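**Student:** pasted the sequence and its predicted model underneath.
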Amino acid sequence: MLFIDPHVHMTSRTTDDYEAMRNAGVVAIIEPAFWMGQPRTQVGTFKDYYSHLIGFERFRASQFGIKHYCTIGLNSKEANNEALAEEVMELLPLFVCKEGVVGVGEIGYDDQTAAEDKYYRLQLELAREVNLPVQIHTPHRDKKKGTLRSMEVALEHGLDPSMVIVDHNNEETVQDVLDRGFWAAFTIYPHTKMGNERMTEIVKQYGPERIFINSAADWGISDPLAVPKTAHLMLERGIPAETVQLVTYQNALEAFGQSGQMQESDWLTTTQIDQSQKFSGNSILRGGQTPKIESDATIIR
Amino acid sequence: MRLDDYTSYLSAILAANQTEAGAAWLRKQIEQLHSEKAFYLAFSQVPRFVGKQPLHLTSDQLAEAAQLRAGFNPGLWTVDQAVRTLLLLQVPHHTSTEYSCLLKELFSVADLSELATLYAALPLLPYPESHRERAAEGVRTTMTSVFDAIALNNPYPHDYLPTQAWNQMVLKAVFNARPLHRIYGLDNRRNAALAHMLIDYAHERWAASRALTPEVWRLVGPYLTTDNMPDVERLFQSSNELENQAGALALAESNSPEIKDLLSQHSDIEMKIRNGDFTWQSIGERAYTA
């Protein structure tokens, strides 16, 4: 089975992770621009970070046979430094139209302050202007209200819900997101977000339409194999393979493919150009290898 | 003027490699290039409007390229790359400083394929002498596609890199197993310092029982001394045919009569050199197809 992890922060991960992901069948990933764990103080560090996402990280992934895409945006936490946020907003147009940038993200609310609201709205406008999908980070605290507000504001700015991915959903938010026609993404992340047994129950209840999962693996205790592990758990618990394929591959492709920057042929066909880019000293993993997953390590709580 | 020739050449090869929609988009962008923002945006968006397929060039077109600019070889270029280079040639500017500023900005926000395109375009760009530091910086990359764009099939390093930077580039190509025969002007810029570094490197690899491309001996030949006799003997005794050939060619190019003597002891291989049965090119072409 092939998988897409549409939210994973690979700059914080090791080559072991890349190797394990490829062995488990992950063929494409999306890395949203996010908070690095402590606030940046200079606009230059944002610029270098964005250019790292479209440059070196893309190269690093390619060495493991994984196609790397990203979303570009100013995250909600750092929107609270308004002087810096102003400068970052001027940078964004330089990056959002780059090849392989599949959306504006991850943006939205954290503390739900006025500054967060201001830059969220400005970035929604930018996404509309350049016709890119939006990847919304929903807040950890006061989640339900924050999620509803994120969607209301997106609608207020004239965005089509089919172009908006609402991320980090749970049992309490999913119905509202689906009812309004948005994509509902779920993050399988131990302790703080979804566990995969709960995820399995959600898919049983709601079906696969407009639902997909990701790992959001980052610098915290998280699991870059969350997507393949959850797929295996779903199969084990009797969810049909077609449904599993939709929530771990196809739906993410459809949502972010609306950018025009991501298509299956990117990883299914190896072009002549890609081969000339191979790093001769390194072994590159190819498709069709047997997924290597420890059966007892399938569950994430 | 040269830049106009490059522009006409790229426009001509694109004519047969572009869709009508792509061509129309490009015409519109070129009309708007006077605004800086329009230029950056157009540069970024090229692949989504013109595609990324490889250019199909005739042998006449390739010959014309080399005639236009010695070493210019767009044989492995893609359509988006040619279009981006065309934009770089047409963007309005008044001074070398102004043009450098613009390039600096492009480099600082470039994605992987934009970086490769920018480095591959250096030999065609205006004010070529002002891009030396940029080229040396490019050589420091760890991204293979970017390194290849500057080091392989690109005449800029041969024409403009100072010796130290050139030597670093060649060493790094050896280190990363990039095909040396695709470095333009490789033989022309052989030098003693590079040869000594490569001999040291060969000893290091041998000590670690690691493989070494036989192409390194291409850079060493003219600088072989009697001290290197054991190295050459080792090549002759190798079970790898390409190493035997490399040893023989290096000997043939040696400037030391004592060393050259060694070759006459291997008359069979000497004959093959005379017959042109193998060359540095043929060794290079076979060396990386493991």
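**Tutor:** Right, received. Where do you want to start? Residues are numbered from 1 along each chain as shown, chains lettered A, B, ... in the order given.

**Student:** only C-alpha atoms from now on, for both contacts and neighbour counts.
**Tutor:** Will do.

**Student:** OK, contacts around residue 84?
**Tutor:** Using chain A. A:Leu84 sits next to A:Thr41, A:Gln42, A:Val43 when contact means Cα atoms under 8 Å, 6 or more residues apart in numbering or on different chains.

**Student:** meant chain B, my bad for not saying
**Tutor:** The contact partners of B:Arg84, taken as Cα under 8 Å, 6+ apart, are B:Phe43, B:Val46, B:Thr117.

**Student:** what does the stretch 101-250 of chain A put close to chain B?
**Tutor:** Residues of the stretch 101-250 of chain A lying near chain B by Cα under 8 Å from any Cα of the partner chain: none.

**Student:** A:Ile136 in helix, strand or coil?
**Tutor:** Of the three states, A:Ile136 takes strand under DSSP: H, G, I helix; E, B strand; the rest coil.

**Student:** distance check, it against A:Glu254.
**Tutor:** According to Cα to Cα, to the nearest Å, A:Ile136 stands 16 Å off from A:Glu254.

**Student:** name the member of the contacts of A:Leu84 with the most neighbours.
**Tutor:** Top of those by neighbour number is A:Val43, holding 18 neighbours under the definition other Cα atoms under 10 Å in any protein chain shown.

**Student:** contact partners for it?
**Tutor:** A:Val43 makes contacts with A:Leu84, A:Glu87, A:Val88, as judged by Cα under 8 Å, 6+ apart.

**Student:** pLDDT wise, what is it at?
**Tutor:** Here the pLDDT value assigned to A:Val43 is 97.

**Student:** quick revisit: now flag whichever of the contacts of A:Val43 is closest to chain B.
**Tutor:** Comparing these against chain B with Cα to the nearest Cα places A:Val88 closest, at 13.3 Å.

**Student:** quick one: the helices in the stretch 51-200 of chain A?
**Tutor:** Assigned by DSSP state H, counting those that start in this stretch, the stretch 51-200 of chain A shows helices spanning A:56-62, A:82-95, A:114-130, A:143-156, A:174-179, A:196-206.

**Student:** which of the ones you listed sits most buried?
**Tutor:** Ranked by mean neighbour count, these are led by helix A:56-62 with a mean of 21 (mean count of other Cα atoms under 10 Å in any protein chain shown).

**Student:** quick one: list the elements packing against it.
**Tutor:** Applying 3 or more Cα pairs under 8 Å, 6 or more residues apart in numbering or on different chains; DSSP states H and E, one finds that helix A:56-62 contacts strand A:67-72, helix B:112-121.

**Student:** ranking those by burial, who's on top?
**Tutor:** Compared across the helices and strands packed on helix A:56-62, strand A:67-72 shows the largest average neighbour count, a mean of 26 (mean count of other Cα under 10 Å).

**Student:** mind exporting the C-alpha coordinates of it to PDB?
**Tutor:** Taking C-alpha atoms only, strand A:67-72 is exported to PDB below (Å, rounded to 0.1, in the frame of the first residue of the first chain):
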ATOM      1  CA  LYS A  67       8.400  13.300  -2.900                       C
ATOM      2  CA  HIS A  68       8.400  16.400  -0.600                       C
ATOM      3  CA  TYR A  69       5.900  19.200  -0.900                       C
ATOM      4  CA  CYS A  70       5.200  22.000   1.500                       C
ATOM      5  CA  THR A  71       2.800  24.700   2.500                       C
ATOM      6  CA  ILE A  72       4.100  28.200   3.200                       C
END
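
**Student:** list the strands paired with that strand, with their directions.
**Tutor:** Applying DSSP bridges to the sheet, strand A:67-72 is found paired with strand A:26-32 (parallel), strand A:101-108 (parallel).

**Student:** closest to A:Lys144 out of the ones you listed?
**Tutor:** Of all those, strand A:101-108 sits nearest to A:Lys144, with 13.2 Å by Cα to Cα.

**Student:** mean confidence for that closest one?
**Tutor:** In this model, strand A:101-108 has an average pLDDT of 97.

**Student:** swap in stretch B:110-130?
**Tutor:** On average, stretch B:110-130 scores 96.

**Student:** may I have the distance across stretch B:247-267, first residue to last?
**Tutor:** 13 Å.

**Student:** could you check how many residues crowd around the nearest residue to B:Leu125 once chain neighbours are set aside?
**Tutor:** Leaving aside its sequence neighbours, B:Leu125 sits nearest to B:Leu89 (Cα to Cα, 6 or more residues apart in numbering or on different chains; 6.3 Å). The burial count assigned to B:Leu89 is 17, neighbours taken as other Cα under 10 Å.

**Student:** and A:Ser265, by the same measure?
**Tutor:** Per other Cα under 10 Å, the neighbour tally for A:Ser265 reads 9.

**Student:** surely A:Glu116 meets A:Glu82?
**Tutor:** No - contact criterion Cα atoms under 8 Å: A:Glu116 and A:Glu82 do not qualify, at 9.1 Å.

**Student:** count of neighbours near B:Asp277?
**Tutor:** Based on other Cα under 10 Å, the number of other residues close to B:Asp277 is 11.

**Student:** check the gap between it and chain A for me.
**Tutor:** Applying Cα to the nearest Cα, to the nearest Å, the value for B:Asp277 to chain A is 27 Å.

**Student:** again, but for B:Gly75
**Tutor:** Per Cα to the nearest Cα, B:Gly75 is found 12 Å from chain A.

**Student:** OK, contacts around that residue?
**Tutor:** For B:Gly75, the contact set (Cα under 8 Å, 6+ apart) comprises B:Leu55, B:His56, B:Leu57, B:Leu62.

**Student:** residues in contact with the first one?
**Tutor:** The neighbourhood of B:Leu55, defined by Cα under 8 Å, 6+ apart, consists of B:Leu14, B:Asn17, B:Gly75, B:Leu76, B:Trp77, B:Thr78, B:Val79.

**Student:** what packs against the lowest-mean-pLDDT helix or strand in chain B?
**Tutor:** Ranked by mean pLDDT, DSSP states H and E, the weakest helix or strand in chain B is helix B:257-264, scoring a mean of 84. Helices and strands touching helix B:257-264, by 3+ Cα pairs under 8 Å, 6+ apart, are helix B:241-252.
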